[in-house]
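Chemist: Here's a sequence, model it:
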Amino acid sequence: VADAAYAGGIQQTVPHLKNHTGADGRLVLGLFDHLTTVGSFDHTTRATRFATYIQRNPMGQIFESVWNSLREEVEADADYKGVLAQHAAGAGLDDLGNVVEKLQKAITKEREDYAHAQLVEVMAALPRGNAVRLSHEQWDRYGSQFIDALPDQRCLLCARDWRECWFHFLGVPNAEYAHLVGRQIVAGKPAVFDPHGWELCCAVLKGDGWKRIHDRHMNLMFSLAKAAGYDMPMEKEDIFLSAMAQAALSAFRSKSLRERRALIPDFLLRRLNPEGLGDTKCQRVTKEIRKSTRRSHQMKKRQARVDYEYRDKMDKADRLYCGWTGAKFAGPLCTKLRTYGRVKGFIFGPYGVSKDLKWLVNEMAGCKAEKCWRLCGARDVADAKKVFAASMRRTLGVAMVREQSRLKFDRIGIMLNGNRAHSAAEYYGQRDMEQDQWDYYNRFGPQGFSGGRGDGGRFRGG
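Modeler: Have a look, this model is predicted:
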């Protein structure tokens with residue numbers, strides 16, 4: 001940054017030290033015209049405007065050295081395009097010969113673009129399935145929210161989960177469970193514990209771990225929608241009842257609550273015209289994701305499967321409850337489902353979220369901004385929408401990585417104990433801890449701990 005800032009500073013100051021001719025042909029009076037030779041920075045001599053400054057001034061020679069080091073950093077050659085394609089005598093010009101107004105910003109962007117291209121080459125050389133390459137290729141802006149999230153009531157991470165989130169983000173194994181690597185996850189089954197715990201999360205174990213993650217994400221989305229005033233009722237069981245005959249309705253209601261809700265998408269999106277449906281899904285690090293080299297490719301496939309899964313569910317329900325024997329996806333329940341359009345998939349993955357969930361966040365933020373942009377002190381609705389969208393994005397992103405960490409350590413306990421006692425204790429303990437966190441936040445507000453103080457003192461973040 002220092003070299004780019006120095007070059008930008010020279011660009012902004014030195015040309016104004018002497019009189020020179022501007023782009024409009026008029027004389028621009030300088031501050032110290034006697035310091036440099038006339039004609040150095042004239043509009044007509046752009047390609048050599050720093051030549052006299054470099055030849056006759058020791059500071060100019062330093063500038064030339066700094067500029068050449070920047071060009072070497074990005075390997076600027078005859079085919080290079082950008083501000084660093086120019087030699088020191090013509091520094092600060094773009095490919096068309098125009099003066100760059102913000103030179104430091106342009107240099108920094110070219111350096112970062114070059115470093116990113118080098119990193120992409122290094123990652124591409126790693127084998128498919130490598131955790132480091134997978135992390136580099138698959139993370140989106142939601143998954144990295146925990147890095148700079150403020151410690152408010154919705155973005156809390158305990159020390160264990162904080163460490164696990166960083167190990168997962170960097171794609172390196174967590175030493176906390178390294179002693180379990182190679183151990184059989186379920187007795188009598190071939191799956192063993194891998195260095196990253198992926199197989200553990202994919203295994204079928206007791207405890208309803210994935211169901212609990214699903215419910216937490218669903219309830220969090222509902223609470224965000226409710227706070228935003230976005231009309232999105234959860235698990236509306238009556239939306240398909242009108243398509244059932246009385247006998248089918250009686251058979252459907254005789255089923256357990258869990259069986260009935262399995263047929264109903266999580267959300268009814270009333271603000272859409274016509275109304276739509278959305279369902280929450282959670283995705284793990286499957287073998288397909290490990291083999292993928294395209295960002296969010298498996299996420300898009302999982303999102304697309306949500307609509308087909310519900311059409312398939314409704315077709316089976318048509319044949320089970322309504323006695324339908326005709327063509328597939330043509331029964332009364334399937335017909336009713338089609339009136340809502342495509343069922344949107346709100347997917348929480350191991351590295352990011354689906355496009356539908358990003359759309360929902362944008363919609364909720366817009367709804368909230370329209371109602372209270374004046375109260376929050378924003379300049380307009382668009383300004384408030386950006387703030388609310390960032391807050392919701394941060395909340396959902398932290399929840400995504402936090403729940404993955406909790407699931408992994410919860411399942412380690414189940415694997416070691418062989419029963420769900422640990423799982424139940426973890427669930428109720430976590431519930432009590434969350435309530436304590438809310439109470440603490442409501443009493444004291446967001447706070448951070450000052451490291452190194454033996455008295456346990458805190459500083460408040462307002």
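
Chemist: so what pLDDT did residue 453 get?
Modeler: Note for residue 453: predicted pLDDT of 34.

Chemist: now the residue nearest to residue 288 when sequence neighbours are not counted, what's its secondary structure?
Modeler: Using CB to CB, 6 or more residues apart in numbering and skipping the chain neighbours, the partner closest in space to residue 288 is residue 298 (5.4 Å). C-beta: built from backbone N, CA, C; applies to glycine. Counting by DSSP: H, G, I helix; E, B strand; the rest coil, the backbone at residue 298 sits in helix.

Chemist: I'd assumed residue 286 was in contact with residue 298.
Modeler: Yes: taking contacts as CB atoms under 8 Å, residue 298 lies within contact range of residue 286: 7.3 Å.

Chemist: neighbour-wise, which of those two wins?
Modeler: In this view residue 298 and residue 286 are compared by other CB atoms under 10 Å, and residue 298 has more residues nearby, 22 against 16.

Chemist: Which parts of stretch 373-391 count as buried, going by neighbours?
Modeler: 373, 378, 381, 384-385, 387-389, 391 (16 or more other CB atoms under 10 Å).

Chemist: would a markdown table of these with distance to residue 211, pLDDT and secondary structure be doable?
Modeler: A markdown table is the format used below for the buried residues of stretch 373-391 (distance: CB to CB, whole Å; pLDDT from 0 to 100; DSSP: H, G, I helix; E, B strand; the rest coil):
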| residue | distance to residue 211 | pLDDT | secondary structure |
| --- | --- | --- | --- |
| 373 | 38 | 90 | coil |
| 378 | 39 | 88 | coil |
| 381 | 38 | 93 | helix |
| 384 | 36 | 92 | helix |
| 385 | 33 | 94 | helix |
| 387 | 33 | 92 | helix |
| 388 | 30 | 93 | helix |
| 389 | 29 | 94 | helix |
| 391 | 27 | 92 | helix |
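
Chemist: quick one: which two of these are the most distant?
Modeler: Maximum pairwise distance among the buried residues of stretch 373-391 (CB to CB): 15.6 Å, between 381 and 391.

Chemist: Show me where the chain dips below the pLDDT cut-off.
Modeler: 20-23, 30-45, 293, 418-462 (pLDDT under 70).

Chemist: Could you pull out the strands in it for me?
Modeler: 20-21, 27-28, 267-269, 276-282, 344-348, 447-449, 458-460 (DSSP state E).

Chemist: what's the angle from the fourth one to strand 344-348?
Modeler: The reference is to strand 276-282. Here the directions of strand 276-282 and strand 344-348 differ by 20 degrees (axes from the mean of the first three to the mean of the last three CA atoms, to 10 degrees).

Chemist: and the spatially closest residue to residue 252 that is not a sequence neighbour, how many neighbours?
Modeler: In space, and not counting its chain neighbours, residue 252 is closest to residue 321: 5.2 Å by CB to CB, 6+ apart. Residue 321: 22 surrounding residues under other CB under 10 Å.

Chemist: One more: residue 227?
Modeler: Neighbour tally, residue 227, other CB under 10 Å: 12.

Chemist: same question, residue 336
Modeler: 17.
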